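Participant: quick one: sequence and predicted model below, then my questions.
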There are 6 protein chains.
Amino acid sequence: MPIVRVEMWTGRTHAQKQELARAITEAVCAIAETTPEATIIIFEDVERSNWALAGVLASDEET
Amino acid sequence: MPIVRVEMWTGRTHAQKQELARAITEAVCAIAETTPEATIIIFEDVERSNWALAGVLASDEET
Amino acid sequence: MPIVRVEMWTGRTHAQKQELARAITEAVCAIAETTPEATIIIFEDVERSNWALAGVLASDEET
Amino acid sequence: MPIVRVEMWTGRTHAQKQELARAITEAVCAIAETTPEATIIIFEDVERSNWALAGVLASDEET
Amino acid sequence: MPIVRVEMWTGRTHAQKQELARAITEAVCAIAETTPEATIIIFEDVERSNWALAGVLASDEET
Amino acid sequence: MPIVRVEMWTGRTHAQKQELARAITEAVCAIAETTPEATIIIFEDVERSNWALAGVLASDEET
């Protein structure tokens, strides 16, 4: 059943997502006593222009 | 009030979403005693490269 | 893969959720060409005091 | 801690998101007694073809 | 259409949610050119024992 | 920035969530090149009566 949703800024590579999927699945199965076949990981890429901290969009901080 | 969120892999056509919106709205109204005007359906298309089962990205399984 | 998330106000019965789960799964499988075994439905019960339309909490409208 | 997620149809400008991020952060901090540094705003742009009311996709209503 | 989801730690009062609903709806309507009747706010109360920063649950930091 | 949301059935202990928070944060920081201070983990406990696979609520399968 576990569904793990990972929101990160865009820019992570396919290789990084492969590794993350494997590592998070291993952690969830080892600790939460479930099986890999029941563990879903979903990545959501968020643009810096769609994310704000302290009222400022992250894309505006980079200037 | 019902808000129904449907996450599916990319590739479903506009016609499929039209049918799904109609069918799910009908089911929700018939069973949960609400009105179509209060029922929102949101589709979210997920790339196979952003979705993993058993620690493996779905896009890697297709090779 | 489809994950369907149904947000409704609290108060729906177990029987209504059973029916909704069956009806939505059937619609999704018939229309989106997937299998029941790959179709997950998650219900989220929302309190009227946690939901606002037009700036007014639904729990306040009932008085 | 507050995480505020704003789903709107695509089409809002960067300037509108800047203003929204600032205004929502101010409201949350003033009312919910938190700090700007702990307040995250995430915008999600939804296509009209991915959003239905009363069983009809919004993109189909515009014709 | 805008759906605004506000995740905060449990403990905010009904009065704070009333004010937040009103203030956020006003900001969204003024800035994003929508109407109050189309603006939904949903509050989600998160327990400190269900939220971690830097790998530590917030409920553990309070000791 | 990473926000990781872990949906699991109710029943996991506080100790399991502590371990999960630590392990997932470590994995995310090691692989996605971010810092613990920017990594948020949120747990969501889902009742078996609110989760269906193949059209059947998980709570109904246990009988």
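Facilitator: Great, that's in hand.
Participant: how far off centre is stretch A:44-56?
Facilitator: 14 Å (CA atoms, centre = their mean, to the nearest Å).
Participant: what residues sit buried inside it?
Facilitator: A:Glu44, A:Val46, A:Arg48, A:Asn50, A:Trp51, A:Ala52, A:Leu53, A:Ala54, A:Gly55, A:Val56 (16 or more other CB atoms under 10 Å in any protein chain shown). Placement of C-beta: from N, CA and C, glycine included.
Participant: how about that stretch against chain D, any contact?
Facilitator: Yes. Counting by CB under 8 Å from any CB of the partner chain, contacts between stretch A:44-56 and chain D involve A:Val46, A:Ser49, A:Asn50, A:Trp51, A:Ala52, A:Leu53, A:Ala54, A:Gly55, A:Val56.
Participant: what does chain A put close to chain F?
Facilitator: Near chain F, when you scan chain A using CB under 8 Å from any CB, you find A:1-9, A:12, A:16, A:19-20, A:23-24, A:27-28, A:30-32, A:34, A:46, A:51, A:58.
Participant: now, of those, which are buried?
Facilitator: The neighbour-count test (16+ other CB under 10 Å) marks A:1-9, A:12, A:16, A:19-20, A:23-24, A:27-28, A:31-32, A:34, A:46, A:51, A:58 as buried among the residues of chain A next to chain F.
Participant: CA atoms of the longest helix along chain A as PDB?
Facilitator: The longest helix of chain A (DSSP state H) is helix A:14-32. C-alpha atoms of helix A:14-32 as PDB (Å, rounded to 0.1, in the frame of the first residue of the first chain):
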ATOM      1  CA  HIS A  14      16.700   9.900 -14.600                       C
ATOM      2  CA  ALA A  15      19.600   8.200 -12.800                       C
ATOM      3  CA  GLN A  16      18.900  10.100  -9.600                       C
ATOM      4  CA  LYS A  17      15.200   9.100  -9.700                       C
ATOM      5  CA  GLN A  18      16.200   5.500 -10.300                       C
ATOM      6  CA  GLU A  19      18.400   5.500  -7.200                       C
ATOM      7  CA  LEU A  20      15.800   7.300  -5.100                       C
ATOM      8  CA  ALA A  21      13.100   4.900  -6.100                       C
ATOM      9  CA  ARG A  22      15.300   2.000  -5.100                       C
ATOM     10  CA  ALA A  23      16.600   3.500  -1.900                       C
ATOM     11  CA  ILE A  24      13.200   4.800  -0.600                       C
ATOM     12  CA  THR A  25      11.500   1.400  -1.500                       C
ATOM     13  CA  GLU A  26      14.200  -0.400   0.500                       C
ATOM     14  CA  ALA A  27      13.800   1.900   3.500                       C
ATOM     15  CA  VAL A  28      10.000   1.600   3.400                       C
ATOM     16  CA  CYS A  29      10.000  -2.200   3.200                       C
ATOM     17  CA  ALA A  30      12.700  -2.600   5.800                       C
ATOM     18  CA  ILE A  31      11.100  -0.300   8.300                       C
ATOM     19  CA  ALA A  32       7.400  -0.400   7.700                       C
END
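Participant: next one: that helix, is it in contact with chain C?
Facilitator: No. Using CB under 8 Å from any CB, helix A:14-32 stays clear of chain C, coming no nearer than 14.5 Å.
Participant: run the angle between that helix and helix F:14-32 for me.
Facilitator: 170 degrees (axes from the mean of the first three to the mean of the last three CA atoms, to 10 degrees).
Participant: from the chain's centroid, how far away is the helix or strand that comes right after helix A:14-32?
Facilitator: Using DSSP states H and E, the helix or strand that follows helix A:14-32 in sequence is strand A:40-46. On the basis of CA atoms, centre = their mean, strand A:40-46 sits 5 Å off its chain's mean C-alpha point.
Participant: state the paired neighbours of strand A:40-46 in the sheet, together with their directions.
Facilitator: Using DSSP bridges, strand A:40-46 pairs in its sheet with strand A:3-9 (parallel), strand B:51-53 (antiparallel).
Participant: immediately after the shortest one, which helix or strand?
Facilitator: Towards the C-terminus, the helix or strand next in line after strand B:51-53, according to DSSP H and E, is strand B:56-57.
Participant: so how far is that next one off the chain centroid?
Facilitator: 21 Å.
Participant: for stretch A:51-58, same thing?
Facilitator: Taking mean C-alpha positions (CA atoms, centre = their mean), stretch A:51-58 and its chain are 19 Å apart.
Participant: swap in stretch A:35-52?
Facilitator: Distance, centroid of stretch A:35-52 to centroid of chain: 4 Å (CA atoms, centre = their mean).
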